[in-house]
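>>> My questions are about this predicted structure, shown below with the sequence.
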There are 2 protein chains.
Amino acid sequence: MDLDLDRDGAALTAQLVDIPSVSGEEGPLADAVEAALRSLPHLRTQRDGHTIVARTELGRPERVILAGHLDTVPVAGNLPSRAEGSRLFGCGTTDMKSGVAVQLRLAAHLTSPARDVTYVFYDCEEVAADRNGLLRLSRQSPELLAGDFAVLMEPSDGQIEGGCQGTLRAEVTAAGQRAHTARSWMGRNAIHEAGDILGVLRSYTPREPDIDGLRYHEGLNAVAIRGGVAGNVVPDECAVTVNYRFAPDRDAKQATEFVRSLFSAWPVTVLDVAEGARPGLGHPAAAAFVTAVGGSPRAKLGWTDVARFAALGIPAVNYGPGISELAHTAGEYVETERIAECEARLRSWLGA
Amino acid sequence: MDLDLDRDGAALTAQLVDIPSVSGEEGPLADAVEAALRSLPHLRTQRDGHTIVARTELGRPERVILAGHLDTVPVAGNLPSRAEGSRLFGCGTTDMKSGVAVQLRLAAHLTSPARDVTYVFYDCEEVAADRNGLLRLSRQSPELLAGDFAVLMEPSDGQIEGGCQGTLRAEVTAAGQRAHTARSWMGRNAIHEAGDILGVLRSYTPREPDIDGLRYHEGLNAVAIRGGVAGNVVPDECAVTVNYRFAPDRDAKQATEFVRSLFSAWPVTVLDVAEGARPGLGHPAAAAFVTAVGGSPRAKLGWTDVARFAALGIPAVNYGPGISELAHTAGEYVETERIAECEARLRSWLGA
């Protein structure tokens, strides 16, 4: 299954989509990508598992990274790909093989870019974080990810989404004392007590900080609540799981301290925390990127793998031809002209 | 295994305890009780499953009922029975074979009571209501339960506990709208909304009505709460299960209306409701009972099988030698002198 990198982005996307690559089963697609890249003499291509890294080594003063994942969510009766008017339908069209097609086209045709480029194609983005190929690479071979600025080609509707917000989940627990409900005054109802925890959530006012010119918007929500012993027992415990989405001017420690201080009346157990990423639009390579791509960059509110670049000290943005709202839906598609537009803008940035 | 009804109440209790009768396995004990009663010519004895009913038929103007269950919770390494000082230990000593021993002693020795007496020994009280022998009897042969007043010989610390409160469980549901927590303002958090349901519970003031001279004490508690879709989703539903314990001046319909009106802002689903029982202490047989037993009757706050008599129009009280706090514990015991005291007081009432 040879990939033809001379075909246009839409045709190449269709070819990529027609090689199924559900998370964990990226082998055939990774083989095809590796073979196509190894045939290009201006790139140095390496492989780790089903993750491929190809780099120009031109000694440019700046190095930028274009990264995308090869895997998709499970196929939902939406293969093979199907063109309909201006749209290409199929599993992975929008998330994110159209972005991968742009990467491959640029890798093949930009033989002498103005900035050195590292192309990263990784596996297992759509599953548990500990299987993520970009995380594995960042731990085992961080030198392969060295650079000044990174673009993650996740679906972003052809607009720049800068950085990402962090996310923290914690359990806040109200305690009580058991009693028979026929004599409830002998006990203390932990579920009733949890009303105060919900009160804190309801009176919370989100921060909306400007960071590098982008406006973020935090959030604090109960995402689960559980309590109850039996139908005739005053319950002695009620646990509320909260999710704090925090702007990238706060790190994990600050986010944790904020949640602990907000719920200082109760025991708080942090379940997990992932830091966000600053957009880094002040960097010269980023500024040139914004100029080349155009539009008004907006803040990325959800957490994405740009945070892994941030953890390595590399500012990063999300920018890709896919349509974010269609990700993970059976009806996902991509507007084919958006693929060509994305490629053209990145080419003008990298080739300038 | 012949029961010797001439032995004192404590010895008879030990004999009953040493015939294990966990719910569903009452056969051998029911056989022994039936045989002992059938040997008594002044009683008319009938059996339905493992439930035995024995009646005097003296044509007295009043008929009273003494009822007790034969079954116990599962044995917890506490058999055979063991006497220690003034206490008799073992599974069922307090709940409620000491009460059954008093019934059997009275049945054997009160050959010509001043009031006709119906002795009921039933099965499966400690398990799901639909297996309850008294319920079965009240549906299939209500004539066997006819009477003016009933005494349920459940553990009541040797005091009269009048009637019982009803119990209602309902689910109150807050609705919301799902959204990704990174853009939570696109949704509406149902768990946060449930804070208002908890607010209603917290501002509830219980009624404490006097009924037939006894003071009841209602209660309204959350006994369960659940909500949550995923760790990154604003949840669209949160369900609170509430348990309303209501005094016996309210029936099921009134209790339901009260709960619905309290939570009129939300959908309310009634899960189950069991009416309570008025103490009926105004009835002449009951007044004589109170005089004979002495002490200050108190209201029964928990739900018991006296409600089944109330459903048949028969006022009923709880009165037995067992210690209510020890019911269902591995260390349960009964004070043996309390057994004799209970028997003597009932004898003076019935024989008068």
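Yep, that arrived.
>>> all contacts plus neighbour counts: C-alpha atoms, from now on.
Noted.
>>> which residues pair with A:F246 across the strands?
Applying DSSP bridges to A:F246 gives these bridge partners: A:G166.
>>> which residues are in contact with stretch A:40-52?
Stretch A:40-52 is contacted by residues A:26-27, A:30-31, A:33-34, A:37-38, A:53-57, A:107-108, A:111, A:120-123, A:133-134, A:137 when judged by Cα atoms under 8 Å, 6 or more residues apart in numbering or on different chains.
>>> pLDDT on it, on average?
The pLDDT scores in stretch A:40-52 average 97.
>>> Buried ones in it, by neighbour count?
Of the residues in stretch A:40-52, those buried by neighbour count under the rule 16 or more other Cα atoms under 10 Å in any protein chain shown are A:H42, A:L43, A:T45, A:H50, A:T51, A:I52.
>>> mind exporting that stretch as CSV, just the C-alpha atoms?
Provided in CSV are the C-alpha atoms of stretch A:40-52 (Å, rounded to 0.1, in the frame of the first residue of the first chain):
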residue,chain,number,x,y,z
LEU,A,40,12.7,11.1,0.8
PRO,A,41,16.5,11.8,1.0
HIS,A,42,16.1,15.3,2.5
LEU,A,43,14.6,13.8,5.7
ARG,A,44,16.1,11.8,8.5
THR,A,45,13.4,9.2,9.4
GLN,A,46,13.2,7.2,12.7
ARG,A,47,10.6,4.9,14.1
ASP,A,48,9.6,3.9,17.6
GLY,A,49,6.8,1.4,17.8
HIS,A,50,4.1,2.8,15.6
THR,A,51,5.4,6.4,15.9
ILE,A,52,7.4,7.9,13.1
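>>> Which residue does the stretch 1-150 of chain A have closest to chain B?
Closest residue of the stretch 1-150 of chain A to chain B, Cα to the nearest Cα: A:A128 (13.2 Å).
>>> Next one: that residue from B:V17, what distance?
A:A128 sits 57 Å away from B:V17, going by Cα to Cα, to the nearest Å.
>>> who has more neighbours, the two?
The residue with more neighbours, out of A:A128 and B:V17 and counting by other Cα atoms under 10 Å in any protein chain shown, is B:V17; that gives 29 against 8.
>>> was I right about that one contacting B:G99?
No - the pair B:V17 / B:G99 is not scored as a contact, 11.4 Å apart, by Cα atoms under 8 Å.
>>> Chain A against chain B: which residues are in contact?
Proximity of chain A to chain B, by Cα under 8 Å from any Cα of the partner chain, involves residues A:165, A:169, A:181-184, A:189, A:191-192, A:195, A:198-199, A:201-202, A:218-235, A:243, A:245, A:301-303.
>>> follow-up on the earlier one: nearest to B:Y333 among the buried residues of stretch A:40-52?
A:H50 (69.0 Å; Cα to Cα).
>>> Which phi and psi values does the closest one adopt?
A:H50 adopts backbone torsions of phi -100, psi 20, taken as degrees, to the nearest 10.
>>> same question, the one 3 residues further on
Backbone dihedrals for A:V53, given as degrees, to the nearest 10, come out at phi -120, psi 130.
>>> and the closest residue to it other than its chain neighbours, how many neighbours?
Distance criterion Cα to Cα, 6 or more residues apart in numbering or on different chains; nearest residue to A:V53, sequence neighbours excluded, is A:V120 at 4.7 Å. Neighbour count for A:V120, taken as other Cα under 10 Å: 27.
>>> quick one: average pLDDT of stretch A:276-293?
Mean per-residue pLDDT for stretch A:276-293: 87.
>>> outside of that stretch, which residues touch it?
Counting by Cα under 8 Å, 6+ apart, A:62, A:64, A:148-149, A:160, A:162-167, A:211-212, A:214, A:246-249, A:251, A:297, A:299, A:303, A:306-307, A:309-311, A:315-317, A:342, A:345-346, A:348-349 sit against stretch A:276-293.
>>> Can you select the buried ones from the residues you listed in PyMOL?
Selection of buried members from the contacts of stretch A:276-293 for PyMOL, criterion 16+ other Cα under 10 Å:
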select buried, chain A and resi 64+148+149+160+162+163+164+165+166+167+211+214+246+247+248+249+251+297+299+303+306+307+309+310+315+316+317+342+345+346+348+349
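>>> In helices only, show me the contacts of stretch A:276-293.
Judged by DSSP state H, the contacts of stretch A:276-293 include A:V306, A:A307, A:F309, A:A310, A:A311, A:C342, A:R345, A:L346, A:S348, A:W349 as members of helices.
>>> if we can go back for a sec, select from the residues of chain A next to chain B every entry located in strands.
If you go by DSSP state E, the residues of chain A next to chain B have A:169, A:219-228, A:233-234, A:243, A:245 in strands.
>>> which of the residues in stretch A:77-86 are buried?
A:N78, A:L79, A:S81, A:R82, A:A83.
>>> ok so, going back, which two of the ones in helices among the contacts of stretch A:276-293 have the greatest separation?
A:A311 and A:S348 (28.2 Å).
>>> hang on, the earlier thing: quick check: which of the ones in strands among the residues of chain A next to chain B has the minimum pLDDT.
Ranking these by pLDDT puts A:V233 at the bottom, with 88.
>>> dump the residue contacts of the closest residue to that residue other than its chain neighbours.
Excluding its sequence neighbours, the residue lying closest to A:V233 (Cα to Cα, 6+ apart) is A:H180, at 4.8 Å. Residues in contact with A:H180 (Cα under 8 Å, 6+ apart) are A:M186, A:G187, A:N232, A:V233, A:V234.
>>> which of these sit farthest apart?
With distances taken as Cα to Cα, the most widely separated pair in these is A:M186 and A:N232, at 13.3 Å.
>>> pretty sure A:D236 contacts A:S184?
No - applying Cα under 8 Å as the test, A:D236 and A:S184 come out as separate, 11.6 Å apart.
>>> Low-confidence stretches in the stretch 1-150 of chain A?
For the stretch 1-150 of chain A, no stretch is flagged by pLDDT under 70.
>>> switch the cut-off to 80
Applying pLDDT under 80 to the stretch 1-150 of chain A flags the ranges A:1.
>>> Which parts of it are helices?
Counting by DSSP state H, counting those that start in this stretch, one finds helices in the stretch 1-150 of chain A at the ranges A:9-17, A:27-38, A:98-109, A:133-140.
>>> Can I get the last one as CSV, trimmed to CA atoms?
The one in question is helix A:133-140. Extracted C-alpha coordinates of helix A:133-140, given in CSV (Å, rounded to 0.1, in the frame of the first residue of the first chain):
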residue,chain,number,x,y,z
GLY,A,133,2.9,7.6,21.5
LEU,A,134,3.8,11.3,21.9
LEU,A,135,4.1,10.8,25.7
ARG,A,136,6.3,7.8,25.2
LEU,A,137,8.5,9.7,22.8
SER,A,138,8.7,12.7,25.1
ARG,A,139,10.0,10.4,27.9
GLN,A,140,12.2,8.1,25.9
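>>> what's the first-to-last distance across stretch A:51-64?
18 Å.
>>> My error: substitute stretch A:52-67 in the last question.
Stretch A:52-67 has an end-to-end distance of 10 Å (Cα to Cα).
>>> That one: how far from the chain's middle?
Here the centre of stretch A:52-67 is set off from its chain's centre by 21 Å, with Cα atoms, centre = their mean, to the nearest Å.
>>> Confirm for me that A:E208 is in contact with A:L214.
No - with contact defined as Cα under 8 Å, A:E208 does not count as touching A:L214 (9.8 Å).
>>> Okay, now the sheet partners of the helix or strand that contains A:V151, with direction.
Counting by DSSP states H and E, the element that carries A:V151 is strand A:149-152. As defined by DSSP bridges, the strand partners of strand A:149-152 come to strand A:63-69 (parallel), strand A:316-318 (parallel).
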